[in-house]
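Trainee: 3D, please:
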Amino acid sequence: MRCLSKPGSGRRGMTLIEVMISVSIMALVGVSLQTVVSVISNSYTSGIRRMALDTKGGRSMVELIETLRMAERSSLSALPAPPFSATVVTFRRTDRIQDGVTEWIDPERILYDPVAGEVRWIEHPGLADELVTLRCRGVAPLLEGEIANGLDDNGNGLRDEPGFCLVLEGDVLTARLTLQGTDAKGRVTQRSWTRSIECRN
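Mentor: Predicted coordinates for the structure are as follows:
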């Protein structure tokens, strides 16, 4: 004797609408995952670039300020008084004092080249044995927060200061530096440093 199954008790497949809904849900999940992965990747890359910028700028400022720390105050080239700043300074360091006589090292110079976006240290400037060392590249045209409008936009007491600048107030020499780079999306990021030293008399 044959058993007949009841109507509606058999297995049935998915309808076209159910298939379309399932595919749509899977597509949304896929797009969401891709977006999350992209955001994480961009954040990681941007963080790495910011960290590299911080490392480069911090190291450059230490090198520059340590070079200037040994400069004799009387040997510094004329620097403008605030609210203005300089992008170049020429100075001399003492080699030694022998029998009460100071022996000087040949002049040195630190300068910012705004066209190349570089800070350079020049030993024996203008002489036959002139030696130029690149101290920093990727320097911004202006310090962070500054606009070329003749005003003190970033509130540090200076006007229109360039990406690297020097200010002398009394015996205190202050160097300021802003480096810039691009993040993963091509947006410009900036980092800034300020260091001060008391010049030797």
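Trainee: only C-alpha atoms for contact and neighbour calcs from this point on.
Mentor: OK.
Trainee: ok, then the element right after the helix or strand hosting residue 26?
Mentor: Counting by DSSP states H and E, the element that carries residue 26 is helix 16-69. Using DSSP H and E, the helix or strand that follows helix 16-69 towards the C-terminus is strand 88-91.
Trainee: and that next one, what does it pack onto?
Mentor: Counting by 3 or more C-alpha pairs under 8 Å, 6 or more residues apart in numbering; DSSP states H and E, the packing neighbours recorded for strand 88-91 are strand 108-113, strand 164-169.
Trainee: Among these, which comes closest to residue 194?
Mentor: When these are ranked by proximity to residue 194, the top entry is strand 164-169, at 9.8 Å, counting by C-alpha to C-alpha.
Trainee: What residues sit buried inside the closest one?
Mentor: In terms of neighbour count (16 or more other C-alpha atoms under 10 Å), strand 164-169 has its buried residues at 164, 165, 166, 167, 168.
Trainee: Kindly report the same for stretch 180-198.
Mentor: By neighbour count, with 16+ other C-alpha under 10 Å as the criterion, the buried positions of stretch 180-198 are 180, 181, 183, 190, 191, 192, 193, 196, 197, 198.
Trainee: could you give the mean pLDDT of that stretch?
Mentor: Stretch 180-198 carries an average pLDDT of 83.
Trainee: Great, nothing more from me.
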